[in-house]
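S.K.: fold the following for me, if possible:
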Amino acid sequence: MSKRKRPQLDMAKNKTVFVCSECGNESTKWLGKCPACNSWNTFYEQKIVETKNKEKITAGSTPQKLNSYEAKETLRTNTGFHELDRVLGGGLVKGSLVLIGGEPGIGKSTLILQICDKIKGDGKVLYVSGEESAEQIKLRADRLGINNEDILFLGETDIDIVNQAIINVNPKLVIIDSIQTMYSDEITAAAGSVSQVREITRASYESL
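M.R.: Residues are numbered from 1 along each chain as shown. This is a model prediction of the structure:
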């Protein structure tokens, strides 16, 4: 009597690595000095779960001729600022992530609040803040003359709670101010570290 072959299952393997909190460099062992950025005592332990599936083969893995694809015009949403739309290639693309960076106090929060007001109709706008309270945001909105019922505010730094709010609200636009204040319980590093920012960015993109 022949033995029945059991189906191969995906196996999860725990792996521990050490990550530099300054530059994100990874090492299989703890190091006193980071060889990438030369910082001292910046390595911390981090557990990673790797999933292996040898049978995972998709049609998209096979190279195709570029000429076989049909070019489609990407739908974009105007931000209300001509120069910003030009930098973005014509406006905001649905499902995309845009990072606005700059020195403190140059007006990043003011700009994104104005964008929230100018993108009206076709859904809500979710403004997530990990730095300022609702009262502070409302004072800025009043100063700018913004009175928009489509703007929803959430003061939160836990990315799991933020992602659930995104699912519940299903907004047209999500603002996270700022990304370095967010954290995930899956990462042992402090909020604002390279590992946290990388994980938050991935999780935020998957929730869109």
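S.K.: the helix or strand encompassing Ile176 pairs with which strands, parallel or anti?
M.R.: Ile176 belongs to strand 173-177 when assigned by DSSP states H and E. As defined by DSSP bridges, the strand partners of strand 173-177 come to strand 125-129 (parallel).
S.K.: mind naming the longest helix for the chain?
M.R.: Longest helix of the chain, by residue count under DSSP state H: helix 194-207.
S.K.: okay, now the unreliable bits of this protein?
M.R.: 1-14, 48-60, 207-208 (pLDDT under 70).
S.K.: quick check: closest non-adjacent residue to Glu131.
M.R.: Leaving aside its sequence neighbours, Glu131 sits nearest to Thr181 (Cβ to Cβ, 6 or more residues apart in numbering; 5.6 Å). C-beta here means a position set from N, CA and C on the backbone, and glycine is covered the same way.
S.K.: rewinding a little: tell me the buried residues in the longest helix of the chain?
M.R.: Val194, Ser195, Gln196, Val197, Glu199, Ile200, Thr201, Ala203, Ser204 (16 or more other Cβ atoms under 10 Å).
S.K.: now do stretch 23-33
M.R.: Buried-residue list, stretch 23-33, by 16+ other Cβ under 10 Å: Gly24, Asn25.
S.K.: gap between that stretch and the chain center?
M.R.: Here stretch 23-33 is found 24 Å from its chain centre; the criterion is Cα atoms, centre = their mean, to the nearest Å.
S.K.: what does that stretch contact?
M.R.: Residues from elsewhere that reach stretch 23-33 (Cβ atoms under 8 Å, 6 or more residues apart in numbering): 17-20, 34-37, 39-41, 43, 45, 194-195, 198.
S.K.: mind redoing it with 6 Å?
M.R.: Val17, Phe18, Val19, Cys34, Ala36, Cys37, Trp40, Phe43, Val194 (Cβ atoms under 6 Å, 6 or more residues apart in numbering).
S.K.: what's the third one sitting at in phi/psi?
M.R.: With angles defined as degrees, to the nearest 10, Val19 shows backbone torsions of phi -120, psi 140.
S.K.: that one against Gln46, yeah?
M.R.: Yes - using Cβ atoms under 6 Å, Val19 makes contact with Gln46 at a distance of 5.1 Å.
S.K.: which of those two has more neighbours?
M.R.: Val19 (24 against 17; other Cβ atoms under 10 Å).
S.K.: now that one: how far from Ser195?
M.R.: 5 Å (Cβ to Cβ, to the nearest Å).
S.K.: also Glu186?
M.R.: Glu186 is 10 Å from Ser195, where distance means Cβ to Cβ.
S.K.: Leu97: which element?
M.R.: In the assignment (DSSP H and E), Leu97 maps to no helix and no strand.
S.K.: who touches it in this structure?
M.R.: Tyr205.
S.K.: likewise Cys20?
M.R.: Cys20 is in contact with Cys34, Thr42, Phe43, counting by Cβ under 6 Å, 6+ apart.
S.K.: how about it: what's its closest non-neighbour residue?
M.R.: Take Cys20 and drop its neighbours on the chain: the residue closest to it by Cβ to Cβ, 6+ apart is Cys34, 4.4 Å away.
S.K.: neighbours of that neighbour, how many?
M.R.: Number of residues near Cys34 (other Cβ under 10 Å) recorded here: 21.
S.K.: all set now, cheers.
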